[in-house]
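this one's sequence-less:
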């Protein structure tokens, strides 16, 4: 049995939640129940500028998270998002989008939410206080030191999340916290701490608002940044798109038409020969390769189309 410390969780338990910025009243919305609909929307629009500002302040930590997660995944690790309630649902949303967008295995980026799949469609906030179930959830998924855990807790005090991060740290896995409380209110001992300081919510304590918006934006940046570094994007094209419907087939063919300067008929033929792989289709056309040769070239270059094309060009020029 692995022994680990609940030091971060114990610190959070001692905090007076009423003093946390995420629980404070917002002076701009103190009479929000009296204003016109137009004024109501104006208040929200103005406040929703703050998540972007929060991301700008957290850039160094976001950059570090992308780089460190990439290194783990490149060496065979996996990325896990973990949270309760709204925070957990945001992780599920980002993880679920990666297979169709980047043709990743569902195992590569996973989401763990307190209460499991039922919590996606109904409230289960009481489960966030269970500080042992998150560790059970991770061990069930064979979470190990090779992996990365991004724990999400806007208020910084969710036992389900903090205990999981403590566990991840204890076994040597990369541990990243996303929270919306400043260091003066809560201090943690994790590998990377991304603080998205969006201020008091318009509805006091409702962190599904600005804090959640900033979190969603951050998860978008992290997962996309990691996928780009893993070679899942060429230029700004979704070259590892999983062709599972007409829309995605259209997208894949348009990518080939644009990048290879060919017509639609040839693009469809290339996709057929490449077994639906946009990457391999590009290599087969540019390098005049067979399907198996394109597979080998990509494997030799760790799945990077840009690196594969560069090495092909160098080889051609030498000959």
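Structure received. Because the structure is a prediction, the values reported are computed rather than measured.

what stretches of the protein score poorly on pLDDT?
Within the chain, the stretches with pLDDT under 70 are 1-16, 18, 124-126, 315-319.

quick one: the helices in it?
Along the chain, the segments classed as helices by DSSP state H run 7-13, 37-47, 50-57, 59-74, 85-102, 133-140, 159-171, 210-229, 246-260, 264-273, 278-287, 291-300, 305-318.

the ones you listed: which one's closest to residue 29?
Residue 29 lies closest, by CB to CB, to one member of these: helix 37-47, at 5.9 Å. To be clear about C-beta, it is placed using only N, CA and C from the backbone, and glycine gets the same treatment.

quick revisit: now the helices of the chain as JSON lines including mean neighbour count and distance to residue 236?
Output for the helices of the chain, formatted as JSON lines (neighbours: other CB atoms under 10 Å; distance: least, CB to CB, whole Å):
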{"stretch": "helix 7-13", "mean neighbour count": "17", "distance to residue 236": "38"}
{"stretch": "helix 37-47", "mean neighbour count": "12", "distance to residue 236": "29"}
{"stretch": "helix 50-57", "mean neighbour count": "16", "distance to residue 236": "20"}
{"stretch": "helix 59-74", "mean neighbour count": "17", "distance to residue 236": "17"}
{"stretch": "helix 85-102", "mean neighbour count": "21", "distance to residue 236": "13"}
{"stretch": "helix 133-140", "mean neighbour count": "18", "distance to residue 236": "35"}
{"stretch": "helix 159-171", "mean neighbour count": "24", "distance to residue 236": "33"}
{"stretch": "helix 210-229", "mean neighbour count": "22", "distance to residue 236": "9"}
{"stretch": "helix 246-260", "mean neighbour count": "16", "distance to residue 236": "10"}
{"stretch": "helix 264-273", "mean neighbour count": "16", "distance to residue 236": "18"}
{"stretch": "helix 278-287", "mean neighbour count": "23", "distance to residue 236": "14"}
{"stretch": "helix 291-300", "mean neighbour count": "16", "distance to residue 236": "20"}
{"stretch": "helix 305-318", "mean neighbour count": "14", "distance to residue 236": "12"}
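
which stretch among these comes nearest residue 235?
The closest of the helices of the chain to residue 235 is helix 246-260. By CB to CB, the value is 7.7 Å.

that closest one: how far from the chain's middle?
Distance, stretch centre to chain centre, for helix 246-260: 25 Å (CA atoms, centre = their mean, to the nearest Å).

could you say what helices and strands it packs with?
Applying 3 or more CB pairs under 8 Å, 6 or more residues apart in numbering; DSSP states H and E, we find helix 246-260 packed against helix 264-273, helix 278-287.

measure residue 60 to residue 286 for me?
According to CB to CB, to the nearest Å, residue 60 stands 38 Å off from residue 286.

any chance of the helices of the chain in CSV, plus distance to residue 19?
Supplementary listing: the helices of the chain in CSV, determined by distance: least, CB to CB, whole Å:
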stretch, distance to residue 19
helix 7-13, 13
helix 37-47, 21
helix 50-57, 20
helix 59-74, 23
helix 85-102, 20
helix 133-140, 25
helix 159-171, 18
helix 210-229, 16
helix 246-260, 49
helix 264-273, 58
helix 278-287, 52
helix 291-300, 54
helix 305-318, 50
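
between these, which one is nearest to residue 24?
Nearest to residue 24 among the helices of the chain is helix 210-229 (12.3 Å), distances taken as CB to CB.
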